[in-house]
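*Asks:* pasted the sequence and its predicted model underneath.
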Amino acid sequence: MAISGIITLVTDFGLRDPYVGMMKGVILSINRGAQLVDVSHQVGAGSILQAASFVREAFVFFPRGTVHLAVVDPGVGGARRPIALEAGGHYFVGPDNGIFWPVIHDFDGGKIVHLTESTYFLKEPSFTFHGREIFAPVAAHLSMGVELQKLGPLITDPCKLRLPVAYEKDDALFGQIIRVDNFGNLITNIHGDRLKRYVEASQPVVEVGRLTIRGLSRVYSDLEEGQPLVLINSSNWLEIAVNMGRAAEYIGLAQEEIVGTVVKVTKAVKAI
Amino acid sequence: MAISGIITLVTDFGLRDPYVGMMKGVILSINRGAQLVDVSHQVGAGSILQAASFVREAFVFFPRGTVHLAVVDPGVGGARRPIALEAGGHYFVGPDNGIFWPVIHDFDGGKIVHLTESTYFLKEPSFTFHGREIFAPVAAHLSMGVELQKLGPLITDPCKLRLPVAYEKDDALFGQIIRVDNFGNLITNIHGDRLKRYVEASQPVVEVGRLTIRGLSRVYSDLEEGQPLVLINSSNWLEIAVNMGRAAEYIGLAQEEIVGTVVKVTKAVKAI
Amino acid sequence: MAISGIITLVTDFGLRDPYVGMMKGVILSINRGAQLVDVSHQVGAGSILQAASFVREAFVFFPRGTVHLAVVDPGVGGARRPIALEAGGHYFVGPDNGIFWPVIHDFDGGKIVHLTESTYFLKEPSFTFHGREIFAPVAAHLSMGVELQKLGPLITDPCKLRLPVAYEKDDALFGQIIRVDNFGNLITNIHGDRLKRYVEASQPVVEVGRLTIRGLSRVYSDLEEGQPLVLINSSNWLEIAVNMGRAAEYIGLAQEEIVGTVVKVTKAVKAI
C-alpha cells in the first residue's frame, strides 16, 4: 500500500503533561519527515468508545496510506494485545481493546496483526506507557513503508466494542445522545439514512429530555437565536442544537446525565 | 504573489472534538507539504470579534504568502458569503462575517473574492461545516499557488465589524478591556501611540474597576510581587497586570463583567 | 553538532491566546523547514519548576541536534539573562531562571552562552515578550546550524533551581508529590533506584495523605477497578494511582494541597 507519511494521533493524555510530546519525539527519531496531526488528546480518560468514534469519523478525511495512532489504553501492560491493522486504505496502531472496532466493522475487517516483533519497538519498554514504547515507533515504521506483516502474526479475533445502536419500535425511532461537542451540540447515534421515513410527507417530532422539537432545520441559523432545533449534521448524524446557544444547557439535564439520554423520533400526526 | 506553503488556523472548535483534525486531513489531502500552524482553536464560541483580533495580531509574524484560515462561523450555511482575500502580502480564507475586517481596514482593503468555484471545494459539501468543505480545501489550493481570481468573482462590499474604539473627552482618554489573557492580564483597546501625551511630563493615572494605578511600568517585574501595574504590551496596547498574579481576579469584578469594562486615563495633577 | 531541524516548545502561554502562534510564525519566517513540536503550553503560570521537569523528562526522546525552546519567564525584561546552551547532544533556548538547571546538572553543564548578539533577534524587541523576539528567532537560527558561540559570550554561572529531593531517615524514605497528571496520578520525586532496598525481601508500605498502600504493582490493571496502587512509572518515578480512577481525588486532600504532600516509604514489618 502507498504511504502518505502522515500520522494522526488520538489519545486521552491531555495537553498539559509532556506525554504526547514524548511520543512525537520517538516518532521523529525514526521518521524525521513524518507529518504529525493531532486529532484529539482530550478524549475522556479511559473512554474507548469516544476514541473509537473520533478515529472512525476523522480518518476518512486523510489521504490513503495515513497511519492513525490511537492510545486510550486503561489496560496497558496487562493481557490486551498491541495491534496494527490495515483497513479502507489506511493503517491503524493501538491497543486491542475495541478502539478500532468501528473501522474494522465498517471496512470489512481489514488485515490485523498482533505486534510482537520488538525490533520495531523502542528499546527497554516500560509497563505503563506502550504509547511511547510500542505504538509510536510502530506507527513511525509503518509511515516509512515497513510492511504490516513484518510486525507480527495475523489475528482474526480483534476485541469488539458494544456500540449503542438506534432501533425502531411502534412507529417510533429510539436513539441516544452519544456526545456533547464544544458548542454544546448534542450528537446522537441516529443516522440520517434511518430518518428518511420520518421526514417524508410530514416533519419529524424529536423528544429529548424536557424538549419537544417539531421539524428539521437545515442550518443553525434557520431559527431565531436561542431557539432549539434538530438537524442532520456534517457527519450525517441527527444533532440537537440551539442557534447561537448551547443545547447541553437548554435541555434541562445535569451535564453528567446527558450522554446516554434517549432521543425519540416520531412522525407528526396531522390534526383532524 | 509568492507562497510560503504555511497555513495558519483560527477557530472556535476547541481541541476535544475531531473537527480541526478533519480540516487538516482535507488540507493535507490536497497539499501534502503544507506546514500547518494552530494560532487558536479556543476562540469563544461564535466570537467573531475575538477571532478577528487574533488573526489581525498574529498574521504579521508569518512569512509573506502565508494563508490564514479563520472559521468562526455562526451563520454557516445561511446568507453570509464564503470569501478569500489578499492583503498585506498574505492570504485569508473564511466566512464574510467581519472576521477579516481589521485586516481589510488596516491594509487598504486588498483584493476580495466570493468563493463560488466549487471545483476547489470538497465534493458533497454539508450545510453546517463549511470549514471542512469550502475553507480548508480553498486554503490548501491557495497554499499551492492557485490564483485568487480563479476562486470566484471580486467583491467590494465585505462585511464590516464594529470595533470598540478609545476616545478622548475632557482631558481624559477612555477605552475598554477587550480581552483577558492566559495570565489574567487585561488587554485594552488603548494603543500606545494615543497614550503619549498622558505620559509626557507627568505619569498617567489609570482607573479601572476599583483600581487606580499611577505611573507606567516597563516590565512586569518593575513592581513588587502582587502589585498591580500598567504597561504598554508587546503588541503596543495598554495592559493592566499584576506582577506574578492575575489582574483579572485583583480588579474586583465578576469574570463575565471584565471584558467591556471602561478604562480611564488622565494626566497626574501635580500637588500644589 | 549535527542538527535535526526539530524545535520543541514548552511555555505557560496556554492555547487560547495567539502568543504561541506568533512565536511559530517568527521561527518559520527564519527556517521554513523547521519541524515544530508542542511539548506543553499549559505549564502553570510562572512555574519554572514544572517547566524544568517537562523539559528534562521529554527532551531525551527527541533526536540529537534538536532545539528545545522553553519560555516560562516571569522576570522577562528584567535582570535575568537570555541564554542558550548545548547539553547531552541537544540545544536549549530560554531565560536564565533555572528552567534548564536539571538538564545542566544531569549532563555535566554543557556549554552555555548569554544571548547578546542582537543580529539573531527579531528587530525591535519589546520588553515583555522575549519568547517572540529573542528566544524564537535564536532557536530558529540554531535549528539551521548557526553555531552556539556566535550568539554571545560563554557563561559558567547559570541560575540554579532548588529541587525538592527525597531523603532517608530512621529506615524510612521520604519524598513528596511533585505533579498530578491528566489521569489524576500522583507523580513523586522518589526515583525507582532509591526504592530498591524497600522492595527487596518484603514489599514496601507507602503512606500519603490518608492512604496506606502495601506492595508495589506492575501496571494499573493489577488491582481491581477503583483500588489505589503504587508503581514505578514509565519515567522511573514512584507514582500513586487508582485503577480506572483518579488518585488525586481518592487521596482525600484539597486539590491545591496535593503537590508538596509528603510520601513516606517503609519496609513491611513481618507480623511475629
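*Replies:* Nice, I can see it.

*Asks:* residues of whichever strand in chain A runs longest that come out buried?
*Replies:* Of all segments of type strand in chain A, defined using DSSP state E, the longest is strand A:172-180. By neighbour count on 16 or more other CB atoms under 10 Å in any protein chain shown, the buried set for strand A:172-180 is A:173, A:175-180. In this view, the C-beta of every residue, glycine as well, is placed from N, C-alpha and C.

*Asks:* can you list those in JSON lines and add distance to C:Glu133?
*Replies:* Below are those laid out as JSON lines (distance: CB to CB, whole Å):
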{"residue": "A:Leu173", "distance to C:Glu133": "59"}
{"residue": "A:Gly175", "distance to C:Glu133": "54"}
{"residue": "A:Gln176", "distance to C:Glu133": "52"}
{"residue": "A:Ile177", "distance to C:Glu133": "48"}
{"residue": "A:Ile178", "distance to C:Glu133": "46"}
{"residue": "A:Arg179", "distance to C:Glu133": "42"}
{"residue": "A:Val180", "distance to C:Glu133": "41"}
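
*Asks:* which of the residues you listed sits closest to chain B?
*Replies:* Chain B lies nearest to A:Arg179 out of these, by CB to the nearest CB, at 8.1 Å.

*Asks:* residues contacting the closest one?
*Replies:* For A:Arg179, the contact set (CB atoms under 8 Å, 6 or more residues apart in numbering or on different chains) comprises A:50, A:53, A:186-187, A:259.

*Asks:* got a list of contacts for stretch A:156-167?
*Replies:* A:48-49, A:52, A:80, A:83, A:85, A:96-102, A:104, A:109, A:112, A:173-176, A:178, A:188-191, A:194, A:260.

*Asks:* now the buried members of the residues you listed.
*Replies:* The neighbour count (16+ other CB under 10 Å) marks A:48-49, A:52, A:80, A:83, A:85, A:96-102, A:104, A:112, A:173, A:175-176, A:178, A:188-191, A:194 as buried among the contacts of stretch A:156-167.

*Asks:* show me the shaky parts of chain A.
*Replies:* Low-confidence segments of chain A, defined by pLDDT under 70: A:109, A:201, A:269-272.

*Asks:* let's go with 80 and repeat that
*Replies:* Within chain A, the segments meeting pLDDT under 80 span A:1, A:108-110, A:124-125, A:197, A:199-202, A:268-272.

*Asks:* does the residue positioned nearest the centre of it belong to a helix, a strand or coil?
*Replies:* Centroid-nearest residue in chain A: A:Ser53, 1.7 Å away (criterion: CA atoms, centre = their mean). Following DSSP: H, G, I helix; E, B strand; the rest coil, the label given to A:Ser53 is helix.

*Asks:* could I get the contacting residues of it?
*Replies:* Counted by CB under 8 Å, 6+ apart, A:Ser53 has contacts A:102, A:178-179.

*Asks:* closest one of those residues to A:Asn233?
*Replies:* A:Arg179 (10.8 Å; CB to CB).

*Asks:* strands along the stretch 51-200 of chain A, start to end?
*Replies:* A:67-71, A:82-87, A:90-95, A:111-114, A:154-155, A:167-169, A:172-180, A:186-191 (DSSP state E, counting those that start in this stretch).

*Asks:* any chance of those in a markdown table, plus distance to C:Leu229?
*Replies:* Formatted as a markdown table, the strands of the stretch 51-200 of chain A follow (distance: least, CB to CB, whole Å):
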| stretch | distance to C:Leu229 |
| --- | --- |
| strand A:67-71 | 21 |
| strand A:82-87 | 22 |
| strand A:90-95 | 20 |
| strand A:111-114 | 27 |
| strand A:154-155 | 30 |
| strand A:167-169 | 40 |
| strand A:172-180 | 31 |
| strand A:186-191 | 35 |
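
*Asks:* C:Met244: which of the ones you listed is closest?
*Replies:* Nearest of the strands of the stretch 51-200 of chain A (CB to CB): strand A:90-95, 14.5 Å.

*Asks:* now the contacts of A:Ser53 in a markdown table, with distance to B:Gly89?
*Replies:* Formatted as a markdown table, the contacts of A:Ser53 follow (distance: CB to CB, whole Å):
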| residue | distance to B:Gly89 |
| --- | --- |
| A:Pro102 | 45 |
| A:Ile178 | 45 |
| A:Arg179 | 41 |
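
*Asks:* quick one: end-to-end length of stretch A:181-195, please.
*Replies:* Using CA to CA, to the nearest Å, one end of stretch A:181-195 lies 21 Å from the other.

*Asks:* and it, anywhere near chain C?
*Replies:* No. Using CB under 8 Å from any CB of the partner chain, stretch A:181-195 stays clear of chain C, coming no nearer than 12.8 Å.

*Asks:* what about the closest residue to A:Lys111 other than its chain neighbours, distance to chain B?
*Replies:* If the residues on either side of it in the chain are set aside, A:Lys111 comes closest to A:Glu86, at 4.8 Å by CB to CB, 6 or more residues apart in numbering or on different chains. From A:Glu86 over to chain B the distance is 18 Å, taken as CB to the nearest CB, to the nearest Å.

*Asks:* tally of neighbours for A:Glu86?
*Replies:* A:Glu86 has 19 neighbours, counted by other CB atoms under 10 Å in any protein chain shown.

*Asks:* just to check, it is in contact with A:Leu151?
*Replies:* No. Between A:Glu86 and A:Leu151 there is no contact under CB atoms under 8 Å: 10.8 Å.

*Asks:* hmm, back to that, tell me how far the residue nearest to A:Lys111 lies from C:Glu224.
*Replies:* 36 Å (CB to CB, to the nearest Å).

*Asks:* cool, and A:Ile258?
*Replies:* 29 Å.

*Asks:* looking at those two, which is more packed in?
*Replies:* The residue with more neighbours, out of A:Ile258 and C:Glu224, is A:Ile258; 21 against 9, by other CB under 10 Å.

*Asks:* so which of the contacts of A:Arg179 is the most crowded?
*Replies:* Most surrounded of the contacts of A:Arg179: other CB under 10 Å gives A:Leu186, at 30 neighbours.
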